[in-house]
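# okay, sequence plus prediction incoming.
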Amino acid sequence: MTVPTLDNKSSLDKVFTLLSKIPGALMIIPLLLGATINTFAPGVLNVGSFASALFRDGTGALLGLFFFCMGAQINFKQTSATLVKGAAILTGKAFAGGVIGVLIAFYMPEGTLWGLTPLAVIAGMTNSNSALFVALTKQFGNSSDRGSVSVISLNDGPFITLIILGTAGLAAFPLEMLIGCLLPLFLGFLVGNASETARKFLSSGEALLIPFLGFAVGRGIDFSMLLHAGLQGVVLGIATVIISGVAAILFLQIVFIITRRPRATRNVISAAAEASVAGNAVATPAAVALLDPSYQAIVPAATSQVAGAVIVTALLVPVLVVAVSKWQKSRGISPQAEEEWIISGRSSKLPATSCVQSTNTADQ
């Protein structure tokens, strides 16, 4: 008798392994499944009880719990250098997405650009893939790059999108509903920063909820709309990498200049790694529509456009990071030099031997 081992994966395990290689698959594959059911058998989940409560009507509850778990991962116990870097990148990305979205809403015919809705533009361009960010900064950056994700993660979920839409007058959010939307995120933040154990426990909940949330959001999408929005998703993805990536780099460079950083320490790898769209951004249009029902009609289109941008940016951002890394290296700038400068107490002058050693390390 053959004894099964851990190395003998089932066919389903192999399928999951293959799917895991697709950018944003944890959100996008369930979303496609939900859209398939909604397109070809929309009544199949109207059986009532737990099935309907979870898979048909669970968007609001799943979003609330997801934001609670997400808020717990925001950690502000970081060094000042990390906080400044994260704040500059977050501001640059939010500024770019907000300006482009508002310009489309007010100055483009019918409030769209090539079919792109302001909701999709703001939700996608102001958001970022934290997992991709950490992976890229781990390979090409330093500890301050990786640590800045604690600040940058504020753009996860609808928080930045709600602020921009509300400030620009593009949406009307009753105060109590806005508080109700942000309260789970804030409570999660309090719990996560009060207890490291709670943060680690809730981190698994964040990943667990994503496929269920993807399916629930997909239940509101028809395939005809998803296919129609494919090209717009590609355009949104390319625009996000170019516009929000450049904006994040410029904002970080401005901070470096204002603070008179030594040239060799002006490392912008983290800003380039931020030019992506996260899978969780796919849920933002639905979250906005829960607060302002006037957006309900464009949720399917906006969701599809953001989903397309998730995949495109996941493919393009690593290319951007490699290009920026080579550009920095050719100018004597390196993440290692920056880290040594931070560790040494931000001395106004880097030792020449330190710069040479850092550059050599980066070349390896």
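Ah, there it is. Numbers count the residues shown, from 1 in each chain.

# count the neighbours of Ser195 for me.
Residue crowding around Ser195 was assessed by other CB atoms under 10 Å; the count is 13. Where C-beta positions appear, they are placed from N, C-alpha and C, glycine not excepted.

# quick one, what contacts it?
With contact set as CB atoms under 8 Å, 6 or more residues apart in numbering, Ser195 has no partners.

# what's the end-to-end length of stretch 109-128?
Counting by CA to CA, to the nearest Å, the length from the leading to the trailing residue of stretch 109-128 is 28 Å.

# now do that stretch: distance to the chain's middle.
16 Å (CA atoms, centre = their mean, to the nearest Å).

# what does stretch 97-107 contact?
Outside of stretch 97-107, the residues within contact range by CB under 8 Å, 6+ apart are 111-113, 116-119, 121-122, 124-126, 160, 164, 168, 170, 239-240, 243-244.

# try it again with 7 Å
Surrounding stretch 97-107, the residues in contact under the criterion CB atoms under 7 Å, 6 or more residues apart in numbering are 111-113, 116, 118, 121-122, 125-126, 164, 168, 170, 243-244.

# and those, which are buried?
Neighbour counting by 16 or more other CB atoms under 10 Å classes 112-113, 116, 118, 121-122, 125-126, 164, 168, 170, 243-244 among the contacts of stretch 97-107 as buried.

# could you dump those residues to a markdown table with pLDDT?
As requested, the buried ones among the contacts of stretch 97-107 are arranged in a markdown table below (pLDDT from 0 to 100):
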| residue | pLDDT |
| --- | --- |
| Thr112 | 79 |
| Leu113 | 83 |
| Leu116 | 85 |
| Pro118 | 88 |
| Val121 | 90 |
| Ile122 | 90 |
| Met125 | 89 |
| Thr126 | 87 |
| Ile164 | 87 |
| Ala168 | 78 |
| Leu170 | 77 |
| Ile243 | 91 |
| Ser244 | 89 |
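
# take those residues and lay them out in a markdown table including distance to Leu45 and secondary structure.
As requested, the buried ones among the contacts of stretch 97-107 are exported to a markdown table (distance: CB to CB, whole Å; DSSP: H, G, I helix; E, B strand; the rest coil):
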| residue | distance to Leu45 | secondary structure |
| --- | --- | --- |
| Thr112 | 31 | coil |
| Leu113 | 35 | strand |
| Leu116 | 31 | strand |
| Pro118 | 31 | helix |
| Val121 | 31 | helix |
| Ile122 | 30 | helix |
| Met125 | 33 | helix |
| Thr126 | 32 | coil |
| Ile164 | 34 | helix |
| Ala168 | 36 | coil |
| Leu170 | 32 | coil |
| Ile243 | 39 | helix |
| Ser244 | 36 | helix |
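
# strands of the chain, start to end?
Along the chain, no stretch is classed among the strands by DSSP state E.

# I'd like the buried ones among the contacts of stretch 97-107 laid out as CSV, including distance to Leu231.
CSV is the format used below for the buried ones among the contacts of stretch 97-107 (distance: CB to CB, whole Å):
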residue, distance to Leu231
Thr112, 13
Leu113, 13
Leu116, 10
Pro118, 18
Val121, 15
Ile122, 19
Met125, 17
Thr126, 22
Ile164, 25
Ala168, 26
Leu170, 24
Ile243, 18
Ser244, 20
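
# nearest to Leu190, of those?
Distances from Leu190 to those, taken as CB to CB, are shortest for Thr126 (23.7 Å).

# against Ala273, how distant is the closest one?
16 Å (CB to CB, to the nearest Å).

# also Cys69?
Cys69 sits 23 Å away from Ala273, going by CB to CB.

# mean confidence for stretch 255-262?
Averaged across stretch 255-262, pLDDT comes to 87.

# give the buried residues for it.
Of the residues in stretch 255-262, those with enough neighbours to count as buried (16+ other CB under 10 Å) are Val255, Phe256, Arg261, Pro262.
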